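Student: could you work out the structure for the sequence below:
(one chain, ligands or ions: 2)
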Amino acid sequence: MEQLFPPVFLLRTLLPGHNQFAPGPPVALYDKRSDTNDQYKIPTPTSPDPAKPYVTLTFAQSLDAKIAGVGGKQLTLSGKDSMVMTHWMRTMHDAIMIGIGTALNDNPQLNTRHLPALSGSKYHLPRPIILDSSLRLPLDCKLIQNYKEGRGRRPWVIGQVSENSDWVTRKQALEAAGARVIEVKGENGRISIPVLLTTLRTLGIRSLMVEGGAQVIRSFFAEANSVNTIIVTVAPTFVGNDGVGYGDDLVSTAGCAVV
Ligand SMILES: NC(=O)C1=CN([C@@H]2O[C@H](COP(=O)(O)OP(=O)(O)OC[C@H]3O[C@@H](n4cnc5c(N)ncnc54)[C@H](OP(=O)(O)O)[C@@H]3O)[C@@H](O)[C@H]2O)C=CC1
Ligand SMILES: Nc1nc(O)c(N)c(N[C@@H]2O[C@H](COP(=O)(O)O)[C@@H](O)[C@H]2O)n1
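Tutor: Ligands and ions are numbered 1, 2, ... in the order given. Coordinates of the predicted model:
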C-alpha cells in the first residue's frame with residue numbers, strides 16, 4: 001500500500017454537545033478486573049439516554065472506505081499515533097464490542113498494550129463483548145486465554161436465544177472456558193441492536209466502544225439513535241474494490257448530522 005500523506009483523524013460528532021472526547025493524556029486508572037461489578041469510577045462518556053450506554057463507533061478505513069483487504073485480510077490502516085488514540089479510547093469505555101466475524105478473522109486482544117507503561121498503576125481494560133448468535137467463538141481465542149491468565153477481563157458473548165441442543169452445548173463449553181454467555185432476542189436473524197443496548201445498560205455498561213467489523217458497523221449505521229459518536233481513522237491509501245467495505249449507502253439512513 002502506498003502512503004500518500006500522514007494518516008488523518010476524522011472526528012465526527014453525531015449529537016451536538018455530546019463530543020466527550022476532549023484531548024488529554026490517557027488517564028491512569030486502578031486495575032479493576034473484578035467481574036462482579038461494571039460500575040467503575042472511570043471517567044467515561046455519559047449517555048444522553050439513561051436506558052442505553054454511550055456508544056462510540058470507531059474503526060480505521062482506507063480512502064476508498066475499506067476496512068480490510070481481500071478475503072478479510074487484516075490491514076494495518078492506523079499509524080502509530082492513531083493506534084495509541086484507539087487504545088486510549090479503549091481505557092475510556094466500560095466495554096468494547098466486535099462481531100464474531102472479526103473475532104474469527106483477527107483473533108484480537110482488545111487491550112491497551114500500545115499505551116506507555118505506567119509505574120504503580122494500570123490502565124482500565126474494557127470488557128470485551130462479542131456479537132455471536134450461534135456461539136462460534138473458539139474456546140482457545142486470545143480473549144478467553146487472556147482472561148484465564150489474568151491479562152484481560154472476562155469476555156461476554158452475546159448469543160441469540162436458542163433451545164437448540166448444539167447451542168446449549170456450545171454455551172456450556174464457553175462458560176466452562178471462562179466466557180459469560182448472554183442471551184439476547186434476535187431480529188431478522190440478527191441480534192437486535194436496541195435490545196442489545198438496553199440489556200448491556202442493565203448489566204452496568206455505561207459506555208460501549210464498537211470496533212467493527214463490517215457487518216457490525218453496517219448494523220449500527222443502519223439503526224437510528226444507536227450511536228453517539230463516530231471516530232474514523234482514514235489511512236491515505238486505496239485498498240481496491242475487492243477489499244472489505246461496510247457500505248457507502250448507509251449514513252443517510254441513520255439520520256445523523258455531521259458537525
Ligand atoms: N479496520 C478496522 O478498524 C476494522 C476491521 N475489521 C475487519 O472486519 C472484518 C470482519 O468483518 P465482518 O466479516 O463483517 O464481521 P463482523 O465482525 O462485523 O461480525 C459479523 C457477524 O456478527 C454477528 N452478528 C450478530 N448480530 C449482528 C448484528 N446485529 N449486526 C451485525 N452482525 C451481527 C453475525 O454472525 P452470527 O449470525 O453468527 O451472529 C455476523 O455475521 C475483518 O476482516 C476485520 O479485519 C474489524 C474491525 C475493525
Ligand atoms: N484502529 C484500528 N486500526 C487498524 O488499522 C485496525 N486493523 C484495527 N482493527 C481492529 O482492532 C482489532 C485488533 O485489536 P488488537 O490489536 O488485537 O487489540 C481488530 O480485531 C479490529 O477490531 N483498528
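
Student: quick one: the helices in this protein?
Tutor: 80-91, 100-106, 142-148, 165-177, 193-202, 214-222 (DSSP state H).

Student: including mean neighbour count, could those helices go into JSON lines?
Tutor: Yep, even glycine has a C-beta here, placed from its N, CA and C like the rest. What follows is the helices of the chain, written out as JSON lines (neighbours: other C-beta atoms under 10 Å):
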{"stretch": "helix 80-91", "mean neighbour count": "18"}
{"stretch": "helix 100-106", "mean neighbour count": "20"}
{"stretch": "helix 142-148", "mean neighbour count": "20"}
{"stretch": "helix 165-177", "mean neighbour count": "14"}
{"stretch": "helix 193-202", "mean neighbour count": "19"}
{"stretch": "helix 214-222", "mean neighbour count": "20"}
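
Student: Gly120: which of these is closest?
Tutor: helix 80-91 (16.3 Å; C-beta to C-beta).

Student: what about that closest one, near ligand 2?
Tutor: Yes - using C-beta under 6 Å from any ligand atom, helix 80-91 reaches ligand 2 at Thr86.

Student: which elements pack onto that helix?
Tutor: In this structure, helix 80-91 packs against strand 54-61, strand 229-234, with contacts taken as 3 or more C-beta pairs under 8 Å, 6 or more residues apart in numbering; DSSP states H and E.

Student: okay, those strands, which one's buried deepest?
Tutor: strand 54-61 (a mean of 24; mean count of other C-beta atoms under 10 Å).

Student: ok, now which ones touch Ala177?
Tutor: 139, 144, 148 (C-beta atoms under 8 Å, 6 or more residues apart in numbering).

Student: picking up where we left off before, what about the helices of the chain, which gets the closest to ligand 1?
Tutor: helix 100-106 (2.0 Å; C-beta to the nearest ligand atom).

Student: quick one: the closest residue to ligand 2 within the stretch 151-259 of the chain and Ile231, what's the gap?
Tutor: The nearest approach of the stretch 151-259 of the chain to ligand 2 comes at Glu211, 4.0 Å away (C-beta to the nearest ligand atom). From Glu211 across to Ile231, the span is 11 Å (C-beta to C-beta, to the nearest Å).

Student: identify the contacts common to the two.
Tutor: Residues touching both Glu211 and Ile231 by C-beta under 8 Å, 6+ apart: Thr58.

Student: gap between the closest residue in space to Gly186 that isn't next to it in sequence and Met209?
Tutor: The shortest distance from Gly186 to any residue other than its chain neighbours is 4.2 Å, reached at Gln160 (C-beta to C-beta, 6 or more residues apart in numbering). According to C-beta to C-beta, Gln160 and Met209 sit 23 Å apart.

Student: show me which of the two is the more surrounded one.
Tutor: Neighbour count, other C-beta atoms under 10 Å: between Gln160 and Met209, Met209 has more, with 28 against 19.

Student: what parts of the stretch 101-250 of the chain come near ligand 1?
Tutor: So far as C-beta under 6 Å from any ligand atom goes, the stretch 101-250 of the chain lies against ligand 1 at 101-102, 105-106, 131-134, 136, 190-191, 193, 211-216, 219, 244.
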